[in-house]
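[1] Compute the structure for the input listed below.
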Amino acid sequence: MNAENLLEVPALLNNKITRKLVFKAEGLVIEKPLSFMPKEFIPAQNIAAFRYGITWTRGYSFVFGRQYFVEIQNDGQEITRIKMGSYYGIRRNLYGKIWNDIIQLLWRNYFVNTFNYYHELYKIHQTFELCGIRFHFEGIGWDLHNILKWNEIGISSYRTYFMIFNTQNKKHCKSKSFANDWNAAILQVLLKEIVKQRNVMQS
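    Predicted coordinates for the structure are as follows:
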């Protein structure tokens, strides 16, 4: 097995492995070695969406922990949750690295194909919707707003979310959260790629 496709999550206070994730071409395998639960297998063709983030654990007057999470949704809208809780700084850096690795491996093994699928729809002038944004060949739209043309689109990216806005009227905007909106990461990459391509064509 390629070690790059295997992630092991140790317990908070010892080195016992509490969870193993194996990213295979045919699907994702999740194993909990310390429990009697059977391995969970999500076929690659059933992996439909993901989101991720960090939540804070607060005491009376201060934050004493954080929880890293990744959620995966299949095509039946069933959700698999992967969580790692760090308290008082214990395992914070390690869990942060594992969390980031999970996101990167999900993208590389499964969601880059989803990105390519939507990109192809755009290139053949097919109208579609992704993460609440309607794509047309000439631009995008949401809610009841008119289509925002590609040369009018601005994107501001932040750690936990990104903002889509009209460069001519910044009150005409829409934010998407990586923690709350399914496939917001795919939407962000797709928008940036199309805007970049259109700018190259115009120049």
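[2] alpha carbons only for contacts and neighbour counts from here, please
    Will do.
[3] low-confidence ranges in this protein?
    By pLDDT under 70, the low-scoring segments of the chain are 1-3, 203.
[4] CA atoms of the host helix or strand of residue 172 as CSV?
    Element membership of residue 172, judged by DSSP states H and E, is strand 169-177. Included here for strand 169-177 are C-alpha records, laid out as CSV according to Å, rounded to 0.1, in the frame of the first residue of the first chain:
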residue,chain,number,x,y,z
ASN,A,169,-21.0,47.2,-7.0
LYS,A,170,-19.5,45.5,-3.9
LYS,A,171,-22.9,45.3,-2.1
HIS,A,172,-23.8,42.7,-4.7
CYS,A,173,-21.9,39.8,-3.0
LYS,A,174,-22.2,36.3,-1.7
SER,A,175,-20.1,34.5,0.9
LYS,A,176,-19.4,30.8,1.1
SER,A,177,-18.1,29.0,4.2
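[5] name the helices or strands packed onto it?
    For strand 169-177, the contact count by 3 or more CA pairs under 8 Å, 6 or more residues apart in numbering; DSSP states H and E identifies strand 161-166 as packing neighbours.
[6] Paired strands for the strand it packs on, with orientation please.
    Partners of strand 161-166 in the sheet, by DSSP bridges, are strand 153-157 (antiparallel), strand 169-177 (antiparallel).
[7] Just put the ones you listed in CSV and tack on mean neighbour count.
    Formatted as CSV, these follow (neighbours: other CA atoms under 10 Å):
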stretch, mean neighbour count
strand 153-157, 15
strand 169-177, 14
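[8] Now render those as TSV, adding distance to residue 100.
    Listed next are the strands paired with strand 161-166 as TSV, based on distance: least, CA to CA, whole Å:
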stretch	distance to residue 100
strand 153-157	17
strand 169-177	16
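[9] Can you show me the strands along the chain?
    Remark: strands assigned in the chain by DSSP state E are 6-10, 17-24, 27-31, 40-43, 47-58, 63-74, 79-87, 128-130, 133-136, 139-141, 148-149, 153-157, 161-166, 169-177.
[10] between these, which one is nearest to residue 113?
    The minimum distance between residue 113 and these falls on strand 47-58, with 10.7 Å, by CA to CA.
[11] Run the chain-centre distance for that closest one.
    Centroid displacement of strand 47-58 relative to its chain, using CA atoms, centre = their mean, to the nearest Å, is 8 Å.
[12] Hmm, residue 136 and residue 148 touching each other?
    No. With contact defined as CA atoms under 8 Å, residue 148 does not count as touching residue 136 (9.5 Å).
[13] Now do the end-to-end distance for stretch 32-50.
    Taking CA to CA, to the nearest Å, stretch 32-50 runs 21 Å from one end to the other.
[14] swap in stretch 9-28?
    In stretch 9-28, first residue to last residue: 15 Å (CA to CA).
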